[in-house]
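# Sequence isn't available, so here's the structure alone:
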């Protein structure tokens with residue numbers, strides 16, 4: 001059996017996910033409950049979201065609407081085509097632009113704005129953008145993806161940045177316990193970039209070289 005739209009998407013079943021969730025977001029009710037519970041939100045994106053969404057993107061106009069139907073119901077897909085027509089030089093970039101905006105850029109901004117407009121303090125909406133690629137990962141991309149992904153941070157690839165943070169903490173702890181190979185101070189996360197400062201490079205171990213190369217310091 002072949003499916004015309006092979007992707008399976010979430011539904012509002014009114015059991016686990018309320019059918020009124022979007023109404024709550026736009027009315028401010030969601031923000032009111034969010035604030036009352038003292039919650040915080042960490043929400044963000046990467047610099048090159050579109051790199052992943054360009055994979056398998058249609059190149060002819062005949063494939064544009066069927067491609068969007070993998071993501072959205074027909075009325076939404078048609079409205080998006082009407083809205084974006086003429087905004088991109090070719091079909092592939094139009095498709096990629098639509099999906100990138102709707103899946104990530106527009107929705108994260110709209111949700112963040114709805115929370116703030118509904119009374120959630122700005123300090124409780126923590127937005128980030130990961131822009132710095134990890135150069136050591138470029139050599140690990142399969143050949144088919146290297147051209148599109150090299151030197152970029154594609155959609156969902158910020159998981160590499162998040163996982164590097166505990167790695168550095170472990171090394172720093174080891175140094176404090178007497179390894180004395182490298183002094184790491186002021187390790188912090190800022191705008192999606194791990195900044196290593198006050199590095200003493202007098203002695204270099206294999207582990208040190210890996211860390212320095214990973215972050216292209």
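Arrived safely. This one's a predicted model, so the numbers in the text were calculated from it and none came from an experiment.
# So for residue 57, what's the pLDDT?
As predicted, residue 57 sits at a pLDDT of 94.
# what does residue 81 give?
Reported pLDDT at residue 81 in the predicted model: 96.
# Also residue 49?
pLDDT, residue 49: 94.
# Run a quick neighbour tally on it.
For residue 49, the neighbour count with other CB atoms under 10 Å is 22. Every residue, glycine included, has its C-beta placed from N, CA and C.
# wouldn't it be in contact with residue 158 here?
No - with contacts counted by CB atoms under 8 Å, residue 49 stays clear of residue 158, the gap being 10.1 Å.
# where does the protein have low pLDDT?
The model of the chain has pLDDT under 70 over residues 1, 164-217.
# any idea which residue sits dead centre in it?
residue 45 (3.5 Å; CA atoms, centre = their mean).
# quick check, distance from the one helix or strand residue 109 maps to to the centre of its chain.
Assigning secondary structure by DSSP states H and E places residue 109 in helix 106-117. Mean-position distance between helix 106-117 and its chain equals 16 Å (CA atoms, centre = their mean, to the nearest Å).
# packing partners for the very next helix or strand once past that helix?
Downstream of helix 106-117, the first helix or strand assigned by DSSP H and E is strand 125-130. Applying 3 or more CB pairs under 8 Å, 6 or more residues apart in numbering; DSSP states H and E, one finds that strand 125-130 contacts strand 41-46, helix 106-117.
# in the last one, what's buried?
Going by neighbour count (16 or more other CB atoms under 10 Å), the buried part of helix 106-117 is 111-112, 114-115.
# what inclination does that helix have with respect to strand 41-46?
150 degrees (axes from the mean of the first three to the mean of the last three CA atoms, to 10 degrees).
# Could you name the helices and strands sitting against helix 106-117?
Here helix 106-117 touches helix 21-27, helix 29-36, strand 41-46, strand 125-130, going by 3+ CB pairs under 8 Å, 6+ apart.
# got JSON lines for those, with distance to residue 64 too?
Shown next, in JSON lines, are these (distance: least, CB to CB, whole Å):
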{"stretch": "helix 21-27", "distance to residue 64": "25"}
{"stretch": "helix 29-36", "distance to residue 64": "33"}
{"stretch": "strand 41-46", "distance to residue 64": "24"}
{"stretch": "strand 125-130", "distance to residue 64": "28"}
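# Of all these, which one is nearest residue 63?
strand 41-46 (25.9 Å; CB to CB).
# And that closest one, what does it pack against?
Against strand 41-46 (3+ CB pairs under 8 Å, 6+ apart) you get helix 106-117, strand 125-130.
# I'd like to know how far the closest residue to residue 30 other than its chain neighbours sits from residue 17.
In this structure, residue 30 finds its nearest non-sequential neighbour in residue 24, 4.2 Å apart by CB to CB, 6 or more residues apart in numbering. In this view, residue 24 and residue 17 are 11 Å apart by CB to CB, to the nearest Å.
# Looking at the two, which one has more neighbours?
residue 24 (17 against 11).
# if I pick that one, what's in contact with it?
By CB atoms under 8 Å, 6 or more residues apart in numbering, the contact list for residue 24 reads 18, 30, 33.
# can you count the residues close to the last one?
In this case it means residue 33. The criterion is other CB under 10 Å. On that basis, residue 33 has 12 neighbouring residues.
# I'd like to know which of the helices and strands packed on strand 125-130 is closest to residue 149.
Closest approach to residue 149 among those (CB to CB): strand 41-46, 11.4 Å.
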